[in-house]
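[1] all I have is the shape, not the residue letters:
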């Protein structure tokens, strides 16, 4: 038993401060962790909850005494590692990550990193064209949207603005009333019932675990506190690391979830858009799990910690545009992503991008197709696909930047006829079939891609400010960039 008297708490804090003053603490690597027992809720209460709560109290005292945040977390990590039930730990920018000997993940979450007080203003969301007199026809089987905001008590003003955008658009787009869960309503049970929604919108905190310098996974904060009931119901998910149990600094012990948890309990539609409104949501395995495994049609995330006002602003603009029935046909994600609204910003000497993974032709509601005379109105397009590998975290591009050009026939109603890939992965410049010439250039200083395509004597040029698209393959340190350009000849 490791019950520690609260009367010793102040003495421990002073001892750590003295040790730090005299030159810091160090600890040798502990021996191999013991075999994992089948812990009861009472044992977890003592081994995990009490340990994290006590260490968080010590951290609070160190910070109140004026110790630097990183130094204070380092000192508390040493205290964690002296516990035989702790197998490993690491200090990162957001807190102290801990893995216990029984397989559980935990720690202390200190800094959400979404800077709600930042002065970098988001452009006012463009409401788009005025709403028409009639509503559109959402798929009756997929006419629901859900917003889950576990940090509503902290970010109410931003969440309310998002809700306002939904309220303005959902009815006109043929959707049901928004399903909204806030704070402790964002339970594990709620997160297992996301099947059947056209839009799944997470707005919460994300933790780059164990640190942003060494991202193994990104975990999303829920609103559910640890209880004996949740422990028993979701023990397998807790034990295998899909449900970290984390102490919120100065608060309570709450569950975070992995993308694998969403996949395990939900089967999403290929018409579903998932908006990952939390820090680092475009990293870890979230894009892969949401699209490739859970089955969503598309996923929006961010390639670093995201300012909450930009997170909320992007989602408002997406809602106002993608759910606006004044657009006929309805906008597709490729159109929204390549709109004039900035999809990146610079904050603290880093460019933070909004990234989209999935079906570029994904739309949020269906509009009636307008008959057309295909023989008269069809035209040819040359699609130039530019794919660049970018080294993370410093953003330095590689020398190899393969390009693929497809020659396609686009009919007047917008559907793609034949698809004829002119060539596969190749170098930067070259002449291909049917007189098509494409050149590709990356401007390192401005993050620009310049693509030129020539058919016959006609040449066109497009300039694209790229964003990072998280790919499914390769090392987690590399993020393929994919840009698509359409030339009409």
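    Everything's here; your move. Fair warning: this is a prediction, and the values are worked out from it, not measured in the lab.
[2] check contacts around residue 110.
    Neighbour list for residue 110: 59, 69, 73, 94-96, 249 [criterion: Cβ atoms under 8 Å, 6 or more residues apart in numbering]. (Glycine included, C-beta is placed from N, CA and C.)
[3] out of those, name the ones that lie in helices.
    59, 69, 73 (DSSP state H).
[4] report how many residues lie close to residue 78.
    Residues contacting residue 78 under the criterion other Cβ atoms under 10 Å number 17.
[5] give me the below-cutoff pLDDT ranges for the stretch 251-400 of the chain.
    367-400 (pLDDT under 70).
[6] where along it do the helices fall?
    Counting by DSSP state H, counting those that start in this stretch, residue ranges of the helices within the stretch 251-400 of the chain are 259-265, 286-288, 308-322, 333-337, 374-377.
[7] show me which of the ones in helices among the contacts of residue 110 are buried.
    For the ones in helices among the contacts of residue 110, a burial check counting by 16 or more other Cβ atoms under 10 Å picks out 59, 73.
[8] quick one: which of the ones in helices among the contacts of residue 110 is nearest residue 306?
    Using Cβ to Cβ, residue 69 comes nearest to residue 306 of the ones in helices among the contacts of residue 110, at 21.0 Å.
[9] sorry, back to before: dump the contacts of residue 110 to TSV, plus pLDDT.
    Shown next, in TSV, are the contacts of residue 110 (pLDDT from 0 to 100):
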residue	pLDDT
59	97
69	96
73	98
94	97
95	97
96	98
249	97
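[10] return the member of these nearest to residue 44.
    Of the contacts of residue 110, the one sitting nearest to residue 44 (Cβ to Cβ) turns out to be residue 96, at 18.6 Å.
[11] before we move on, back to that, got the helices of the stretch 251-400 of the chain as CSV, with distance to residue 186 columns?
    Shown next, in CSV, are the helices of the stretch 251-400 of the chain (distance: least, Cβ to Cβ, whole Å):
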stretch, distance to residue 186
helix 259-265, 13
helix 286-288, 17
helix 308-322, 16
helix 333-337, 26
helix 374-377, 48
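[12] now the strands for the stretch 101-250 of the chain?
    Remark: strands assigned in the stretch 101-250 of the chain by DSSP state E, counting those that start in this stretch are 105-109, 145-149, 179-182, 199-203, 206-211, 214-225, 245-248.
[13] could I get these as CSV with mean neighbour count and distance to residue 260?
    Below are those laid out as CSV (neighbours: other Cβ atoms under 10 Å; distance: least, Cβ to Cβ, whole Å):
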stretch, mean neighbour count, distance to residue 260
strand 105-109, 26, 13
strand 145-149, 24, 17
strand 179-182, 17, 21
strand 199-203, 25, 15
strand 206-211, 25, 13
strand 214-225, 21, 9
strand 245-248, 24, 16
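[14] hmm, who's touching stretch 240-256?
    Under the criterion Cβ under 8 Å, 6+ apart, residues 48-49, 52-53, 55-56, 59-60, 95, 99, 103-110, 150, 188, 207, 209, 219-226, 230, 234, 237-238, 257-258, 260-261, 264 lie in contact with stretch 240-256.
[15] burial measure for residue 81, as a count.
    Neighbour count for residue 81, taken as other Cβ under 10 Å: 18.
[16] roughly how far does it sit from residue 55?
    11 Å (Cβ to Cβ, to the nearest Å).
[17] for residue 362, find the nearest of the strands of the stretch 101-250 of the chain.
    Proximity to residue 362 (Cβ to Cβ) singles out strand 199-203 among the strands of the stretch 101-250 of the chain, at 10.9 Å.
[18] pLDDT on that closest one, on average?
    Computed over strand 199-203, the mean pLDDT rounds to 98.
[19] what strands flank it, and is each parallel or antiparallel?
    Applying DSSP bridges, strand 199-203 is found paired with strand 145-149 (parallel), strand 273-277 (parallel).
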